[in-house]
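A.B. asks: Sequence plus the predicted model coming up.
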Amino acid sequence: MPGDFKGLKRVRLSNFLMGFVYFIGLVKLSVCWYFLIMEISDIYYFFWAMGDKMVGIVFRGVVILGLMYLVFWKWMRPKIQKYRVPNIRNSKANPFGEMRATGLTYLVFGFFSAILVCLDEWYGYSKMYTDVNEMGWAYTLISAPLFIFFIDATFYWSHILMHRSPFFWKAHEKHHTFINVTPWAAYAFHLGEAVINAGLLFTMLVVFPWHPYAMLAFSLLTISYNGMLHSGFDFMPKSWRKHPILKFMNTPSHHIYHHQRGDCNFAFFFTFWDKWMGTERLPEYYYDSTLDSSEDLEKSVG
């Protein structure tokens, strides 16, 4: 399990928030499974729903991540090499291994999506609404950003937990076998980590009201941003690094350095959790392009 987390601040707070995240998730999953087990004999419908949902999941993932891979790693690579995040571990890319692991993740996401369908079909429980007037335009418009902040927070604390706990590290270790990452690594998970991430998303969907279009926007943005973080290229303007607001955006340099080290930069969309908890670190060359990246001079920005 990489990292000793000596830089992690507010340890008591971190333990509480990690526990709270998983308490909420386990309670909701337990309740949903209690109802589902009463109708589990309807296996055919369940797997039909799973297959139906997987069509959309696989289509969005393959189109977005596949296009990123082709553009960055095949078609445009010579022209965009100056944006390449340094591969300080000199590791080889493994896109086909990432694709295989991603396929398993899609199965898990399809499984949890089928649970949502069955909850609605069999018990009439759903937080989805199609009439905007039901929740109002204000909530509908801000719901996708709210979902992003929710996933960003739960991702950070679940990610910390997977690195701090030997048990959960077993589920996360697979993702860290990919160091010289391509966009296909975005969802290249072990079965256990796929369940954890799908469970967090599932929890959000059974707690908060959501409109299909807002969820589609959230889904497309999440897949695209995750693919960008694992693209191997950082197109973020250098001026963002000192901007009072944009400096809180997570970048491919942040996340790829996390893959290279394993004990820092646990964020997804934003870096304020890393900054607040003292877990943000970047090599010196991120700030000074004249330095040799192979020196890997670390600079803590927490």
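C.D. replies: Thanks, I have the structure now.
A.B. asks: Mind jotting down where the helices sit in the stretch 51-200 of the chain?
C.D. replies: 95-123, 132-135, 137-164, 166-172, 191-207 (DSSP state H, counting those that start in this stretch).
A.B. asks: Which positions within the third one qualify as buried?
C.D. replies: Okay, so that is helix 137-164. Going by neighbour count (16 or more other Cβ atoms under 10 Å), the buried part of helix 137-164 is 139-140, 143-144, 147-148, 150-164. Bear in mind the C-beta positions are built from the backbone N, C-alpha and C, glycine included.
A.B. asks: relative orientation of it and helix 191-207 in degrees?
C.D. replies: 150 degrees (axes from the mean of the first three to the mean of the last three Cα atoms, to 10 degrees).
A.B. asks: who does helix 137-164 touch, helix- and strand-wise?
C.D. replies: Under the contact definition 3 or more Cβ pairs under 8 Å, 6 or more residues apart in numbering; DSSP states H and E, helix 137-164 sits against helix 11-36, helix 166-172, helix 191-207, helix 212-229, helix 272-277.
A.B. asks: mind checking how far it is from the chain centre?
C.D. replies: Put simply, helix 137-164 sits 10 Å off its chain's centre (Cα atoms, centre = their mean, to the nearest Å).
A.B. asks: Also the last one?
C.D. replies: How far helix 191-207 lies from its chain's middle: 11 Å, per Cα atoms, centre = their mean.
A.B. asks: repeat for the fourth one
C.D. replies: With Cα atoms, centre = their mean as the basis, the distance from the averaged C-alpha position of helix 166-172 to the chain average is 16 Å.
A.B. asks: Around residue 220, how many other residues sit close by?
C.D. replies: 14 (other Cβ atoms under 10 Å).
A.B. asks: Output the below-cut-off pLDDT ranges for the stretch 201-302 of the chain.
C.D. replies: Per-residue confidence of the stretch 201-302 of the chain (counting by pLDDT under 70) places the weak regions at 284-302.
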